[in-house]
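>>> A structural model of the following input is requested.
(2 chains)
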Number of protein chains: 2
Amino acid sequence: MAVTTSVIGQPLPRLDAAPKLQGHVRYADDMQLPGMLYARLVTAPYAHAVIRGVDVAAAQAMPGVVAVFTGRDLLPDGPEPAERARALLARDKVIYYGQPVAVVVAEQPDIAADAAEQVHVDYEPLPVVVDPIAAMRPDAPAIRPKELEGEWAEAGMHATVGGGEELDVRRLPANITNAVRFRRGDVARGFAEADAVVERTYRTPFVHQSYIEPHVSLAVPELDGSLTIYTSTQGQFYCRNVVASTLGLPADRVTVVPMEVGGGFGGKTVLLEPLVGALALRLGRPVKLTLTRTEEFLLATPAPGAIFELKIGGRRDGTLTALQARVIFDSGAYPGTPVNVALLLLGGYYRCPNLLLEGYEVLTNKPGVGAYRAPGATQATFVIEQAVDELAQRLGWDPLAFRLQNASDEGDPMPNEQPWPTIGLRTILERMQAHPLWQQRHSLPPHEGVGIAVGGWPGGVEPCAANVRLNHDGTLTVTVGSVDITGTSTVLAMIAAAVLEQPLERIRVRTLPTNTAPYAGMSGGSKITYTVGAAVQAAAEDARRQLLEIAAQELEAAVEDLELQDGRVQVRGVPDRFVTFERIAQRSMSFGAPYPPVYGTGRSAITRSSPGFNGQIAHVRVDPETGDITVLRLVAIQDVGRALNPALVTGQVHGGVAQGVGWALHEGVYYGDDGRPLNPSLLDYDVPKAPSVPPIEVELLEIPSAYGPFGAKGVGEPPVVPTAGAIANAIAAATGVRLTELPITAPKVLAALRERSSTAS
Amino acid sequence: MAVTTSVIGQPLPRLDAAPKLQGHVRYADDMQLPGMLYARLVTAPYAHAVIRGVDVAAAQAMPGVVAVFTGRDLLPDGPEPAERARALLARDKVIYYGQPVAVVVAEQPDIAADAAEQVHVDYEPLPVVVDPIAAMRPDAPAIRPKELEGEWAEAGMHATVGGGEELDVRRLPANITNAVRFRRGDVARGFAEADAVVERTYRTPFVHQSYIEPHVSLAVPELDGSLTIYTSTQGQFYCRNVVASTLGLPADRVTVVPMEVGGGFGGKTVLLEPLVGALALRLGRPVKLTLTRTEEFLLATPAPGAIFELKIGGRRDGTLTALQARVIFDSGAYPGTPVNVALLLLGGYYRCPNLLLEGYEVLTNKPGVGAYRAPGATQATFVIEQAVDELAQRLGWDPLAFRLQNASDEGDPMPNEQPWPTIGLRTILERMQAHPLWQQRHSLPPHEGVGIAVGGWPGGVEPCAANVRLNHDGTLTVTVGSVDITGTSTVLAMIAAAVLEQPLERIRVRTLPTNTAPYAGMSGGSKITYTVGAAVQAAAEDARRQLLEIAAQELEAAVEDLELQDGRVQVRGVPDRFVTFERIAQRSMSFGAPYPPVYGTGRSAITRSSPGFNGQIAHVRVDPETGDITVLRLVAIQDVGRALNPALVTGQVHGGVAQGVGWALHEGVYYGDDGRPLNPSLLDYDVPKAPSVPPIEVELLEIPSAYGPFGAKGVGEPPVVPTAGAIANAIAAATGVRLTELPITAPKVLAALRERSSTAS
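Numbers count the residues shown, from 1 in each chain, chains lettered A, B, ... in the order given. The predicted structure is shown next:
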C-alpha cells in the first residue's frame, strides 16, 4: 500500500498545548461530585514504631466529620501488605516516617484537616534503620517479615530486561528482599591482567519525581456496587488491577477513568486509589483525596537511593579486562527497585570479558520507592561513565576514544548474555567526537572543563490495540487505552494522519476508561509511541482499506485507481471524480445505508525492544573558591530511530536533560538518623529552577527501529540517563577531582578540592 | 467454524432486571453536577397567535433566576425551523398550544417554575386549524410558510420502505407538506367487477407514547467549548447530529451520553437537547430540563392522528378486485409522518390487481408528531383489517379463509411494486385458523365475539459496528453504540456468549457515548438485535479466532484441535491440557507479553429487511346496555425468525398487545376547536391499566431470516400492529356493528348500537 508520510517528521505543536494553556483541561482535583467527601491522612511521626492504640473519638466527634478509619478498620487481620499501594493504613506498626495510620473523611477539606490533628496515636518507638549497608547486617532490626510471594510487579514494568542469577534471599539477612548476580569470565584474572584499576564507591540519593500536580484520587461507589475511580495515573489498567485485587473485586467491577496527568515521570501509577476506593465503598459516597506537597515527600514513591562499590580495570591497549560491582538499592519500606536494570546497563555499555556484578535490594525505614524516568539507568550510568572516564585517564587514553574502543555493538552480550539489538551507542560517540564542543575541550579558560557520558534505555514493550473511526463530519477518531503524558496522543494522531493522508486537524485521539478501552500498558518505559503507535498504524491502515473499498463502489472504480486527499477519496488523475468522507460517513452510518461503518482496528504485540541511546557533552565552570558549579552548555545527541515529531522529541530531550541536571547538582531527599525526612518541601528540596538549566543543544540521530512505527524508538527516558555522568566528568576535567556522590553540590566540590590540596601539600 | 448455540433460545431474564428493580440504574434526572442550573419552559396559551412581545423583566428580577431567553434571543432572524427539535423557542408566532415561547434558567427548579409564571407574553390570536380536512382547503390559514427543503429525516428512520409517486406539494394548498400516490391497474374497472364493496371512513386520534420517564436533558458546556449532553434518548448519534447542526457545531464537538431510557416507544429521539445545549453554551454552566407530565402532552411528539377514506371491493370467488384510499395524516405543526408506511401496508398485506392509494400529510395547530411503535402500521392495519373483514362478511366468506385466499406471499408486490421477501403472514393465518379460540367462535355466549387481524412491520436496517474485548478477569466486554430499550443488550450478550461458548455471566455489554462508540443507529424500527446483533456476532467470531490462535500457541496445538469451555480453551478430549481466559489475558495484556490483546471487531451492513408479522385473535364481550367492552382473551402469534430469548420476545409481544389495547379502547389526545388539548394529564388521558389488559397468549413462530443473527427478525414493533383491528372485528362479531374510530369507547359502541336499532326499527 502506498503510504505518504508527509506529516511524519514535521515539528508540530502538541494538540493539547492550546487547551492546556487556556485552562481547558480538567484535572482530577477539578472534579466535583454531589455528596462528595474529602479525605485527609493522619501520618506517623516515627519512622519505626509499634502502634499501641489509635484514639479517634475526638476527631469523630467534630461536626462535619463523617468517619475516621484506622488500619484495623480496613484490614482487621492477616499480614500487612508488602506493596506500597496495597498497604492502605498501617495497623500493627509504622515502618517509615509519614506512613498513613488513619484517615479522616469529612464534608469539607478543612474539617478533615483539622480533625486529622485530633486523631491521637500511641506509639512505641523501635530502632530505626536508615543506612542500607547497616540494614543488610544480620543483626539489623527487621523492617517487615520476609515476603517471599509478593508480586512486586511494578518494578519490572519499565524495561524489558531480565536474566541473571537470582540469589536465594531466604538465606540472606532479613532486610534483603532481592539479590541478583551476573557473572562472566574470571574477574580476579581480569584485574590481574589490568594495567590500571579504578575502585570507588558511588552514592545516589532518594530523588523525588517532583511532578507539579500532587496525587489526586476520587472514588465513586456506583449504585450496583462497582467502583469508578478518577485519578491522575500513567497506567489506568495497572491501577485498576491493583485496586480490584486489593479490594477483592473482579477487575471488571472497578473502572479507572484516567484524568489528565499533571506530571508523572514514573511516580503516578497507583498509590492512593485502593485506599480511597475502600473509603468510598464503606461510606457509599464519593471520596476525594488530594495530597499536600509535604505528603508527596513523606509518603509518595521517590526514586530509590543507591550505593555502587565498583572496581574496573583495563590495559594500556585500551581494552577493559574486568568489571566488578556490588550494587545496593535502598528500597525504603517496601520491596521493588530497578536493581536488575542498573546491573545490566552498568555492565552492558562496554565489552568486558570478565564481569562480576551483584545487586541487592534492601529495606530501610524510608518511604516506599517508585519509578522515576529511566529507573536504575540514571544511577548506573552516573557510576559507569565516571569510572570508565577515570580509567581511560589513568591508562592515558582519550576518554571518548576509549569508549569507542570498547562500546558494545549489535550482537555484543549484555551481562545477562542476551545480545544487544541494533543500538546507536557507537554512532552517537562518533558524533560526539566530531562535535565542536568536544574538539575545543583542550582550549578552555581556567576552571572550565568538558566531560562526556553516554547512556541508554532498554525500552519497554507491551501488547495493545486501537481503533480508528470515521465520524459523521468527516473527521476521524483514534481510540486508545493509553494515557498521554509526553505528547504521545499528538504523535498517535500524526501516525493516523500519515496513514490516511489527512491533515492533522481531521484526527482526534481519545483515551477511553478501563471498562471499554482497547488495552494499552502504562505510559512508562518509553513505549507508547513504540507500541500503541504500531496499533494505531494498523488500525489506520484498516480504516484506510475500508474507506477505499466504499469509495471504489461509490465511484465504480478499482481501489488501485483511487487516492486519498484532504477529506475525500478521488480517482487518481480525475479530481472531479471523488467522494467526500462526509458522504462515505452518510452512506455507512445512516438509516438504510448500504456500507458498514468505517471502523478500523489494530492490534500490536511487539516483543522486541529498540533501546534508545543518548550521549551528552557537558561544559562546566567550577569556582575554585566556593565550589560553585555552573553548567555553561549541554549537548545531547540521541538516537530516536525516527523523529516522528522532532519538536516533541526535542522537548523530551530538553526535559530529560533538565531533570538530569537535577540529579547531577540539585536533588536529593535526605533522612535523619531517626528516619525523618529533612527536606520534605519545595523550599528545601532543590528542584532545578530555570536559571540552573543551561542552554541545551539537541542533535537527533535516526537509526531506524525495525519494529516501531515508521522506525521510531522510545525517546522519553534516554535523555535523563547520561547527564549526571557528563557533568561529573566535566567537573573532573575542570578540577581534577572526582565527585562520587549525587547531587554534586558546591560544599562537596569545595571539600574535595581542599582534600586534594591537603593530600598534595 | 463449529459454533454451539446453547444459550440461544433460552428464556433468560434481562441482565438489567435486578439492577433496575434494586434502583441501581442512573437515569438522566438522577444526574447532579456542581453548578447545575434548572430550566423551565414558558408555554403558549394559544394554538395559533402572533407574538407581539415578551416581557421578561419581572422573571429576570427574581432572586435565583440566572437568565430568561426568548425565541429572539436564540434565533434573532431567519425562518423559524420546520423541525420540532430544531425549533427551540417560538419567535414570531406560536403554532400550537403549549409551544415553548421562553425559558427561565434558575439555581433551583422551584424558582424556575415560579419565574416562568412571571414571563408575560403579548399575543395576537390567529384563526386556529384543528381539523386536517379543513386544513387542506386552499383557503385555510397557513400554519407556516411552505418548507420545501426541510430534512424531515426522522420520519424515514423506522422502516426501510419507499417508492410511490411523490406529488408536487407546491401545487397543493399550503398546509399539505407531503403527498404520495401508489397506483396499480384500474380501480374503476376493479370496482365495476366487484360483487361487494365496502366504503368507509376511519379515524385514529393523536396517541401519546406514555413512557413512564418524561423527557430529561442535561447539557454540560465543556472547557474547550464543546458540549456534552446526558439524555434519555433512543438514538444517541441521531440526537448528536441534530444538536450539532442546530447549534452550528461540527458533529464531533457534541457528545451525547445516552442514559437509561425509562420508556421510549419511538418518542425519545431528540426533542429538548438542542435547546438545553444552547442554554448551556450561553450560560457556561450545566443546565437540566425535565418536562412535567402535562408538558409531555403539550409539547412532546405523540403519534399523528389519521383519517382513512377507504373503498375496497371483491368477488364472491374470494378475490379482491380493487382498493382505493385517501389517507390523511395529521402532522400537527411540523412536517413528518409515516404516511408512506401506512399506504404500503394498507395495500400490501393482500394481493389486489387494482390499487389507487393517495396519502397526504397535513399541518394543523397541534404539537409536532413523532414515532410511536410501528408508526403508520397500527393505523393502517386497524383500517384494512376491518375493511377486509367486513368485505369477507358481505361476500359470504369466512374472514380468515378470505384472508388466506388473498394473503401476500414472498414475491408478491407491495404497492411500490417491490416484492415482499419471505414473510410469515400465511403461516400465521394458518396457525390462527387452527387455534381453539378461533374454532370456538361460533359457540360463544351472547354478546361475545371473536375477531382476528394480522399485521406486519417492514423492519429497519442500518449499518453498525461492535467490539468484543477479553478482560483481565477472563470476562468479555461487548462494546456497542446502541441504546437498550427492550432488552437488546441481554440479547447481544447472549449472541456473544453463544459464539464464544461461554456462560452469559462472563459477558458484559457496554454502550459508549457518541464520541467513541462503534456506530449504531437509533433503537427503533425493530432493528437492534437484527443489525447490531450481526455486528456483535462478527466481533465475537473475531475474538473467538484470536482466543484460539493464542491458545494454540500456548498449548502447542492446532486451532482445529481446540475447544472452548467456560473460561478456558482446551485440547479436545484432553481436559487437562488447557489455558484459561485469565491466562490468555495475562499473556496478551501485561508488560512484555507476547500476544496482542483479544479485541474482536465486527461490522455489519445488512441492507435487506426481514418483515415481522403478527396475527391476533381477540375475544370480547360487549354489554348491550352500556356499551362497555371487556377483552376476555387475546392470542398473539408472531413470526420472530428465531426467538433468541423467548422470555424477552414474549415480553415484547405482551407489551405491544397491551399498547394495542390502548389504541383500541383507551387512548387519544383530544383537541378543542381552539387547538387546546382537552386531556393533557394522566388523569384524563386513559392509558390502559392492568385490569384493562386481558390475558395474553403468545405463540412464537420461527421462520428464519436469511440475514439476522441466528435467523432472528425484529420483534418489537409487530405485536402492537393488529390489536386494534382484531378487537374491532371481535366487537363487530359480538354486536354486528362496525366501529371505525379509535379508541372504541363504550359511548361510541352504545351510539352505534342505538343507531342500528333506529335504522332497523
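>>> only C-alpha atoms from now on, for both contacts and neighbour counts.
Noted.
>>> what sits against the residue nearest to residue A:517 when sequence neighbours are not counted?
Distances taken as C-alpha to C-alpha, 6 or more residues apart in numbering or on different chains place residue A:481 nearest to residue A:517, at 4.8 Å, with adjacent residues excluded. Listed by C-alpha atoms under 8 Å, 6 or more residues apart in numbering or on different chains, the contact partners of residue A:481 are A:465-466, A:511-514, A:517-521.
>>> in a markdown table, list those along with distance to residue A:391.
Formatted as a markdown table, these follow (distance: C-alpha to C-alpha, whole Å):
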| residue | distance to residue A:391 |
| --- | --- |
| A:465 | 48 |
| A:466 | 49 |
| A:511 | 49 |
| A:512 | 52 |
| A:513 | 52 |
| A:514 | 51 |
| A:517 | 52 |
| A:518 | 50 |
| A:519 | 47 |
| A:520 | 44 |
| A:521 | 41 |
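>>> can you give the contact residues for the strand or helix carrying residue A:403?
Assessed by DSSP states H and E, residue A:403 sits inside helix A:399-406. Helix A:399-406 is contacted from outside by A:318-320, A:350-352, A:388-390, A:392-393, A:426, A:429-430, A:433, A:452, using C-alpha under 8 Å, 6+ apart.
>>> quick revisit: what values do phi and psi take at the residue nearest to residue A:517?
Residue A:481 has phi and psi values of phi -110, psi 10 when expressed as degrees, to the nearest 10.
>>> pLDDT score assigned to it?
You'll see residue A:481 listed with a pLDDT of 98.
>>> ok, it to residue B:231 distance?
As defined by C-alpha to C-alpha, to the nearest Å, residue A:481 lies at a distance of 26 Å from residue B:231.
>>> rewinding a little: in strands, which of the contacts of helix A:399-406 appear?
A:320, A:452 (DSSP state E).
>>> farthest pair in the contacts of helix A:399-406?
Greatest spatial distance in those: A:352 and A:433, 22.3 Å, computed using C-alpha to C-alpha.
>>> please say which of the two ends up with more neighbours.
A count of neighbours by other C-alpha atoms under 10 Å in any protein chain shown puts residue A:352 above the other of residue A:352 and residue A:433, at 27 against 17.
>>> which residue sits closest to that one in space, ignoring its chain neighbours?
Nearest one to residue A:352, counting by C-alpha to C-alpha, 6+ apart, is residue A:320 at 5.5 Å.
>>> list the residues that contact the one you found.
A:194, A:312-314, A:351-353, A:406.
>>> in helices only, show me the contacts of residue A:481.
The helices, defined by DSSP state H, take in nothing from the contacts of residue A:481.
>>> residue A:193 versus the residue nearest to residue A:352, what's the distance?
To residue A:193, residue A:320 is 10 Å away according to C-alpha to C-alpha.
>>> mutual contacts of the two, please.
Shared contacts of residue A:320 and residue A:193, counting by C-alpha under 8 Å, 6+ apart, come down to residue A:314.
>>> then the longest helix along chain A to PDB, C-alphas only?
As assigned by DSSP H, the longest helix anywhere in chain A is helix A:533-555. Presented in PDB, the C-alpha positions along helix A:533-555 are these (Å, rounded to 0.1, in the frame of the first residue of the first chain):
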ATOM      1  CA  GLY A 533       1.800   3.800  17.700                       C
ATOM      2  CA  ALA A 534       2.000   0.500  15.900                       C
ATOM      3  CA  ALA A 535      -1.500  -0.500  16.900                       C
ATOM      4  CA  VAL A 536      -2.800   2.900  15.600                       C
ATOM      5  CA  GLN A 537      -0.900   2.500  12.400                       C
ATOM      6  CA  ALA A 538      -2.500  -0.900  11.900                       C
ATOM      7  CA  ALA A 539      -6.000   0.500  12.800                       C
ATOM      8  CA  ALA A 540      -5.500   3.400  10.400                       C
ATOM      9  CA  GLU A 541      -4.400   1.000   7.600                       C
ATOM     10  CA  ASP A 542      -7.600  -1.000   8.300                       C
ATOM     11  CA  ALA A 543      -9.700   2.200   8.200                       C
ATOM     12  CA  ARG A 544      -7.900   3.300   5.000                       C
ATOM     13  CA  ARG A 545      -8.700   0.000   3.300                       C
ATOM     14  CA  GLN A 546     -12.400   0.300   4.400                       C
ATOM     15  CA  LEU A 547     -12.600   3.900   3.100                       C
ATOM     16  CA  LEU A 548     -11.100   2.900  -0.200                       C
ATOM     17  CA  GLU A 549     -13.500  -0.100  -0.600                       C
ATOM     18  CA  ILE A 550     -16.500   2.000  -0.100                       C
ATOM     19  CA  ALA A 551     -15.200   4.700  -2.400                       C
ATOM     20  CA  ALA A 552     -14.500   2.200  -5.000                       C
ATOM     21  CA  GLN A 553     -18.100   1.100  -5.000                       C
ATOM     22  CA  GLU A 554     -19.400   4.600  -4.900                       C
ATOM     23  CA  LEU A 555     -17.200   5.700  -7.700                       C
END
